[in-house]
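**Student:** pasted the sequence and its predicted model underneath.
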Amino acid sequence: MQHRFRWHQIPAICGAMAKFAAIYLTERNAYCAVGHSIPAYEQSAHNSFIKIPAIDLPRHVQVIPCPAHAEPGSKIPDTLLPQCLSWIHDASGGDLSVIVIGCFGPFVSLEKADPAQDDFGGYGKLQEITTHKGWGNSHIYKISKEWIQRYGKNNTEIRIHTEVDLAALGELWYRRLWLEYIQESDTLKGRAKPYTLGPKEIESSERSIMVFLKISRSINGGITYSGDLWKGRHHPLMSSIRLPRYQMRTASGTLMTDAYPGSCDIHGDCIEGLIGTKAIESRTGFFLENIPSNDGVWELVADYVASLCVAITAIISPGAIVLGGRTVRTPNAPSVLIPRIQELFTEKTSGNGRRSPDYPKMRIPHYIRAHILEHCGIYGGLVMAERWARRH
């Protein structure tokens, strides 16, 4: 097999390899990993070598269960983050340039003008309105920075991102990870190849946008553009979008509209309030993992997700929409869930003038697809950490 990239470790040119870490927080678990950069070069048409940053994959991803409840007078991150940081400190030997933390929002702010400032402010602080109990008003950045400082690691930078942004980045950069292995290199034999976008893919990504949708307790999306994260004035909150209500025709031909009031404490019937984990379990009376695969709620979920994909397509016209999250991964979710979403997306973009404009190029199976990587969020965190390390 021919490989596009030639991997070299050249300390004389590149200096010592940067070491960094990532923490990926979800509603159930925290994922931690330590990584380091590998200098990578690609031979150009003029026989010169262009440095392309790549990341050696972690040997181990540590999974730390989230506490079921916060201790009296504290929040869940007060207990969880020190556990994560302790593991990272031991696994890395404490020599880290950057730690990137991905967490669900909404945040007060993700803008940090001066990385060295002592005033924590609202950077990396969760708002009170988060749907996750025991997390509201938690200051992710402050907890982490103070823990690092207690160990005398004042030069270790902490950077906060939304979990969906990191998942989008990981999916974009490592989607071919499981398909390619380096066989000819003794040092890399049998290890998954660190995958970097090639010239054609970079050119394509510059013209395209990828959206990662997490369908779980919260519903949100991360966006990549030109191989990097798309940033606006604030991070996106797709969970707050309201969509047309699901309609189902009964056996008698009567058209019934979904009358569920919604489970969101803030908006009621936003997309999260209609098909977030809390809403699905409220509709069925089962825990998500126990809902039968033939339950009609899956058709309803597919319809709402397809409508959300239509809205995203109409607004930013991405090159791909990747679906992830607990609802998509649950074992009892029917195997036809993703194909059904694709079918309903096609119906809703039929170009009949009543639903939405015609999108012939979007009605293809790989435009809307399930995520490939099991740990795309932690890999995306390492990608982002490597970038911050180069700036640090």
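**Tutor:** Looks like it arrived, so ask away. Numbers count the residues shown, from 1 in each chain.
**Student:** center of this protein - which residue?
**Tutor:** By Cα atoms, centre = their mean, the chain has its centre lying nearest to Ala167, at 2.2 Å.
**Student:** so that residue is in contact with Lys214, correct?
**Tutor:** Yes. The pair Ala167 / Lys214 is scored as a contact, 6.7 Å apart, by Cβ atoms under 8 Å. Glycine gets a C-beta too; all of them are placed from N, C-alpha and C.
**Student:** any common contacting residues for these two?
**Tutor:** Taking Cβ atoms under 8 Å, 6 or more residues apart in numbering as the contact rule, Ala167 and Lys214 both touch 222, 324.
**Student:** show me where the stretch 51-200 of the chain has strands.
**Tutor:** Using DSSP state E, counting those that start in this stretch, the strands of the stretch 51-200 of the chain run over residues 62-65, 98-103, 157-162.
**Student:** compare those and give me the one nearest Leu110.
**Tutor:** With distances scored as Cβ to Cβ, the stretch of the strands of the stretch 51-200 of the chain nearest to Leu110 is strand 157-162 (6.1 Å).
**Student:** measure the residue lying closest to the residue nearest to the centre of the chain once chain neighbours are set aside to Thr257 for me?
**Tutor:** Of all residues not flanking Ala167 in the chain, Gly377 sits nearest, at 4.3 Å (Cβ to Cβ, 6 or more residues apart in numbering). Noted for Gly377: a distance of 36 Å to Thr257, by Cβ to Cβ, to the nearest Å.
**Student:** more neighbours: the two, which one.
**Tutor:** Using other Cβ atoms under 10 Å, the more surrounded residue of Gly377 and Thr257 is Gly377, with 30 against 9.
**Student:** which strand or helix spans that one?
**Tutor:** Secondary structure from DSSP states H and E places Gly377 in helix 376-391.
**Student:** elements contacting that helix?
**Tutor:** strand 19-25, strand 29-43, strand 49-56, strand 98-103, strand 157-162, helix 163-174 (3 or more Cβ pairs under 8 Å, 6 or more residues apart in numbering; DSSP states H and E).
**Student:** worst mean pLDDT among the ones you listed?
**Tutor:** Of all the helices and strands packed on helix 376-391, the minimum mean pLDDT falls on strand 49-56 (a mean of 45).
**Student:** in three-state terms, label the spatially closest residue to Ala320 that is not a sequence neighbour for me.
**Tutor:** Using Cβ to Cβ, 6+ apart and skipping residues adjacent in sequence, the residue nearest Ala320 is Met210, 4.9 Å away. Per DSSP: H, G, I helix; E, B strand; the rest coil, the secondary structure class of Met210 is strand.
**Student:** any idea what Met210 is bridged to?
**Tutor:** For Met210, the beta-bridge partners under DSSP bridges are Thr224, Ala320.
**Student:** go ahead and confirm it touches Trp173.
**Tutor:** No. Using Cβ under 8 Å, Met210 is not in contact with Trp173; the gap is 10.5 Å.
**Student:** and those two? which has more neighbours close in?
**Tutor:** Neighbour count, other Cβ under 10 Å: between Met210 and Trp173, Trp173 has more, with 24 against 21.
**Student:** look up the closest residue to the more buried one, ignoring the ones flanking it.
**Tutor:** Closest to Trp173 by Cβ to Cβ, 6+ apart is Val383, at 5.4 Å.
**Student:** what's near enough to touch the one you found?
**Tutor:** Counting by Cβ under 8 Å, 6+ apart, Val383 makes contact with 55, 166, 169-170, 173-174.
**Student:** show me where this structure has its helices.
**Tutor:** Assigned by DSSP state H, the chain shows helices spanning 11-14, 76-92, 140-150, 163-174, 199-206, 271-275, 277-284, 297-316, 326-329, 337-348, 376-391.
**Student:** Lys133: neighbouring residues, count only.
**Tutor:** Neighbour tally, Lys133, other Cβ under 10 Å: 12.
**Student:** related to what we said a few turns ago, buried sites along the helix holding Gly377?
**Tutor:** By 16 or more other Cβ atoms under 10 Å, the buried positions in helix 376-391 come out as 376-389.
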